[in-house]
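# give the three-dimensional model of this entry:
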Amino acid sequence: MPSPNPLVPRPDRLPSASRGLSAPAALREWTQNRVRAGTLRRLARAAGWALCLAPALVYAQAQEPARNAAVAAAPAARPALVVRAADNALPPAVAAALQRAKVPPEAVSFVVADADGRQPARLAWRAQEPMNPASVMKLVTTYAALELLGPAYTWDTPVYLDARPQAGALRGNVYLRGVGDPQLVVERLWLLLRRLQAQGVQVILGDIVLDRSAFELPAHDAAQFDGEPLRPYNASPDALLVNFKSVALTFVPDAAAGVARVHADPPLAGAPWPETVPLAAPGTECGDWRAALRPETPAGAEAGRVVFQGVYPAACGERTWSVAPPDPWGFAARAIEGLWRDLGGKLTGSVRDGRVPPGLAPAFTVSSPPLAEAVRAINKYSNNVMTQQVFLTIALQKNGTGTFDGARNAVDQWWRQRMPGTEPPVLDNGAGLSREARVSAASLARMLQAAWASPVMPELLSSLPIAGADGTLRRSAMGRATRAAHLKTGTLRDASALAGFVHAAGGRRYVVVAIANHPNAAAARPAMEALVEWAASER
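Prediction:
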């Protein structure tokens, strides 16, 4: 008959030495024997483990001070990217896409690895090769800035008056001291000048002086990189950067007058372009209307102006074109004077460069949006000049002056502390708009793993374009990765790249890095998207 308690044995299964006893006595003896046997087994196991672990415990105690010092020096340190040799074959879809693009496998670098870095990489293809990552380099600059400056960091631009306003007039100068604000766009400049008027200044019987001494920068040729000096992405950084050194030209057809009227925002003093351009012949299709305008920047007496040698098709309707004027250093002065006069302000002097007099206290300051918002604008839309502003600000805060050498040294030091054992990037200007910038896919992947464990991870992740949703990836279609991948993009003439985080179907988060350096690099983008889909399909 079975025992009513499944933990107590049936009488006929008691040890033979106990069978002559009464049932209760037999059960007691059986229980005591079991307890004694279990205790002996546990003691034996404990003794065995103690013998095995004793040397390790002695070694660990001896190493404890050194380990504590290492953790204090690099609190987020982890080993370099670990790769399983068996996982080094390209996924078939990726290899096929590269073949269609006529990009050899030797021209690409790929990494797919767990975001937490606890497992070996799923894929590492030529991961240690230094490559030009194009604008994906912005990930390094923005992540470093978030950690070194903090997501809530703001640029506070001070405005000074060297006299007291009386009856709406300032018999003196106004000083604006640039501090590297990357978002002093036309709307915020308008608010700054309105605050100046609220101080009782309507007429300036002096000058507006621009102090740009916070940055020390080399001479910049906007045409040097790719021969496109009017492209806003070639604008140079500036301690007093106004509206990204670019102007939005709006063309409005006036069929009755036979012209398209040109409106500039911000309005620039001494506008460097004509107020109208001729309309194309009736019936002309819109097509490539920018090329049809045929903009030129003449030399000689007209240097610094834009001349439209072509026509504007009326079929285009109203269109807007962002242009970087050919006089970038004079842009801030033109914009500030033009907007001041547009607000009804008067200026008897000029807008010029200079320094704030020592000891002069600011009348007020204008604060930028926080760094986290700047990082979002940078990474979502790949803004080059904003990235360089942030890059130089790292040096400004560390050294008192923003220089490229100072920024490179500061980020290099941060990298070696946060990602020990991985090769630091060659940053150049920090924005990736460079032929010299280099980083390996393994180093980028390791950095993304460190970012995943960082307190600033939410700010960095939310700044990345979402596949198929927004930013530079809004038109991409990546199958299962659509809306499940946050990736920074990068494109140059001979370089293409993707890097970021992918949420896989099985719930795991991966870091993905893909870089191609080849004359057909742009054609390799489908292979990169196939890699992202492969990572997203993991269950």
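# identify each buried residue in the helix or strand containing residue 513, please.
With elements taken from DSSP states H and E, the one containing residue 513 is strand 509-517. When neighbours are counted by 16 or more other Cβ atoms under 10 Å, the buried residues of strand 509-517 are found to be 509, 510, 511, 512, 513, 514, 515, 516, 517. Placement of C-beta: from N, CA and C, glycine included.
# next, the residues that contact stretch 473-483 from outside, please.
465-469, 485, 487, 489, 502, 505, 529, 532-533, 535-537 (Cβ atoms under 8 Å, 6 or more residues apart in numbering).
# ok, residue 374 touching residue 388?
No - shown here, residue 374 and residue 388 do not form a contact pair, counting by Cβ atoms under 8 Å, at 11.9 Å.
# for residue 140, which three-state class applies?
For residue 140, the assignment made with DSSP: H, G, I helix; E, B strand; the rest coil gives helix.
# contacts only, for the closest residue to it other than its chain neighbours.
Distances taken as Cβ to Cβ, 6 or more residues apart in numbering place residue 425 nearest to residue 140, at 5.6 Å, with adjacent residues excluded. With Cβ under 8 Å, 6+ apart as the criterion, the residues that contact residue 425 are 137, 140, 415, 437, 438, 439, 443, 444.
# of those, which belong to strands?
Taking DSSP state E, the ones among those that sit in strands are residue 439.
# tabulate the contacts of residue 425 (CSV), appending distance to residue 167.
Shown next, in CSV, are those (distance: Cβ to Cβ, whole Å):
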residue, distance to residue 167
137, 54
140, 54
415, 57
437, 55
438, 61
439, 60
443, 63
444, 61
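# which one of the contacts of residue 425 is nearest to residue 340?
residue 137 (37.3 Å; Cβ to Cβ).
# assign a three-state SS to the closest residue to the closest one other than its chain neighbours, would you?
In space, and not counting its chain neighbours, residue 137 is closest to residue 432: 3.4 Å by Cβ to Cβ, 6+ apart. When the structure is split into helix, strand and coil by three-state DSSP, residue 432 lands in coil.
# let's number from 57 now, not from 1
Got it, first residue is 57 now, which makes that one residue 488.
# on the pLDDT front, check residue 488 for me.
At residue 488, the model reports a pLDDT of 97.
# got a list of what it touches?
Applying Cβ under 8 Å, 6+ apart to residue 488 gives the contacts 189, 190, 191, 192, 193, 194, 440, 443, 546, 548.
# what's the burial count for the third one?
It refers to residue 191. Counted with other Cβ atoms under 10 Å, the burial measure for residue 191 works out to 26 neighbours.
# quick check: phi and psi on the nearest residue to it once chain neighbours are set aside?
The shortest distance from residue 191 to any residue that is not its chain neighbour, by Cβ to Cβ, 6+ apart, is 3.7 Å, and that residue is residue 546. The phi and psi values for residue 546, taken as degrees, to the nearest 10, are phi -150, psi 140.
# just residue 488 next, same as before
Per degrees, to the nearest 10, the residue geometry at residue 488, taken as phi and psi, is phi 90, psi 0.
# what's the answer for residue 271, then?
Backbone torsions for residue 271, taken as degrees, to the nearest 10, come to phi -110, psi 140.
# ok, now which ones touch the spatially closest residue to residue 578 that is not a sequence neighbour?
Once its chain neighbours are removed from consideration, residue 578 has its nearest residue in residue 552; the separation is 5.5 Å (Cβ to Cβ, 6+ apart). Neighbouring residues of residue 552 by Cβ under 8 Å, 6+ apart: 190, 546, 571, 572, 577, 578, 580, 581, 584.
# residue 285 in helix, strand or coil?
At residue 285 the chain is in coil, as set by three-state DSSP.
# for it, grab the count of nearby residues.
When neighbours are counted by other Cβ under 10 Å, residue 285 registers 18.
# likewise residue 494?
Residue 494 has 19 nearby residues by other Cβ under 10 Å.
# and it, how close does it get to residue 550?
For residue 494, the distance to residue 550 equals 13 Å [Cβ to Cβ, to the nearest Å].
# which among the contacts of stretch 529-539 end up buried?
Applying a neighbour-count criterion of 16+ other Cβ under 10 Å, the buried members of the contacts of stretch 529-539 are 521-524, 541, 543, 545, 558, 585, 588-589, 591-593.
# inside strands: which ones of those residues?
With strands taken from DSSP E, the overlap with the buried ones among the contacts of stretch 529-539 comprises 541, 543, 545, 558.
# and residue 512, what does it touch?
Neighbour list for residue 512: 199, 202, 203, 207 [criterion: Cβ under 8 Å, 6+ apart].
# so the third one sits in a strand?
I take that to be residue 203. No - secondary structure assignment places residue 203 outside any strand; it is helix (three-state DSSP).
# that one and residue 473 touch, don't they?
No - counting by Cβ under 8 Å, no contact exists between residue 203 and residue 473, whose distance comes to 10.0 Å.
# okay, these two: which has more neighbours?
More neighbours surround residue 203 than the other of residue 203 and residue 473, with 19 against 14 (other Cβ under 10 Å).
# show me the contacts for that one.
When the contact criterion is Cβ under 8 Å, 6+ apart, the partners of residue 203 are 470, 474, 510, 512.
# how far away is it from residue 459?
Separation of residue 203 from residue 459 (Cβ to Cβ) stands at 20 Å.
# for residue 440, same thing?
18 Å.
# report the contact partners of residue 226.
Contact criterion Cβ under 8 Å, 6+ apart gives 217, 219, 257, 259, 260, 261, 262 as the residues in contact with residue 226.
# and the residue nearest to it when sequence neighbours are not counted, helix, strand or coil?
If you skip the residues right next to it in sequence, residue 226 has residue 257 as its closest partner in space, 4.8 Å away by Cβ to Cβ, 6+ apart. Reducing the assignment at residue 257 to three states with three-state DSSP gives coil.
# wait, residue 257 sits on residue 217?
Yes - using Cβ under 8 Å, residue 257 and residue 217 qualify as a contacting pair, with a distance of 7.3 Å.
# give me the common contacts of the two.
Common neighbours of residue 257 and residue 217 (Cβ under 8 Å, 6+ apart) are 226, 230.
# closest to residue 275 out of the buried ones among the contacts of stretch 529-539?
Where the buried ones among the contacts of stretch 529-539 are concerned, and distances follow Cβ to Cβ, residue 275 has its nearest neighbour in residue 545, at 30.0 Å.
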